[in-house]
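A.B. asks: Following is a predicted model, sequence given first.
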Amino acid sequence: MRTIAGDTPITRSMRRQIDADNRRFPEHLLRVPATDWPPTLISWPRNPKELWRSRRFLVMIYDEAHNVERLSVMRTAVDGAKFADGIAWDELQRLKHECGRGDRSGVEIFPPDDNVVNVASMRHLWILPEPPEFMWGKR
């Protein structure tokens, strides 16, 4: 039996609904008003401050400490027992731009082995208030 989030079976009708929901959105991100957020998201222990959606991606934005924002990014398609994986660097860069953070630096963190949490096919970008000193680029 296929599941999302460990224990909810993915039925054929659920897959059809996910596909129909995905077709309602354009290729680029749109900000979703809080009144349109799914009830399951509203019941989470910590709600995002913004939710953005496209045909292929969901981006949740959280406030973190020290004026840092976290972008939690996932695909909207289901692949077997979980949401599809495989979000490329250039997709993350584009999504950062599409949700209005294109002018700021973002970092992805790879924790020590004993602190890894990997419970969903999700990537996280921490958007910094200033570029890190170690950053290099065109300038």
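C.D. replies: Noted; the coordinates are in hand. Numbers count the residues shown, from 1 in each chain.
A.B. asks: need the longest helix for this structure.
C.D. replies: Using DSSP state H, we find that the single longest helix of the chain is helix 12-23.
A.B. asks: Following element in sequence after it, please.
C.D. replies: Proceeding N to C from helix 12-23, the next assigned helix or strand is strand 30-31, under DSSP states H and E.
A.B. asks: for the record, mean pLDDT for that next one?
C.D. replies: Mean pLDDT, strand 30-31: 96.
A.B. asks: Could you spell out the sheet neighbours of it, each with its direction?
C.D. replies: Partners of strand 30-31 in the sheet, by DSSP bridges, are strand 50-53 (antiparallel).
A.B. asks: related to what we said a few turns ago, looking at the longest helix of the chain now, give me its mean pLDDT.
C.D. replies: Helix 12-23 shows a mean pLDDT of 84.
A.B. asks: before we move on, what about stretch 39-58?
C.D. replies: 84.
A.B. asks: now do the same end-to-end measure for it.
C.D. replies: 15 Å (C-alpha to C-alpha, to the nearest Å).
A.B. asks: Which positions in that stretch come out as buried?
C.D. replies: By neighbour count on 16 or more other C-beta atoms under 10 Å, the buried set for stretch 39-58 is 48, 50, 51, 52, 53, 54, 55, 56, 57, 58. To be clear about C-beta, it is placed using only N, CA and C from the backbone, and glycine gets the same treatment.
A.B. asks: Can you report how many residues lie near the nearest residue to the second one once chain neighbours are set aside?
C.D. replies: Residue nearest to residue 50 in three dimensions, not counting chain neighbours: residue 61, with 4.1 Å by C-beta to C-beta, 6 or more residues apart in numbering. Taking other C-beta atoms under 10 Å as the criterion, the count of residues near residue 61 is 20.
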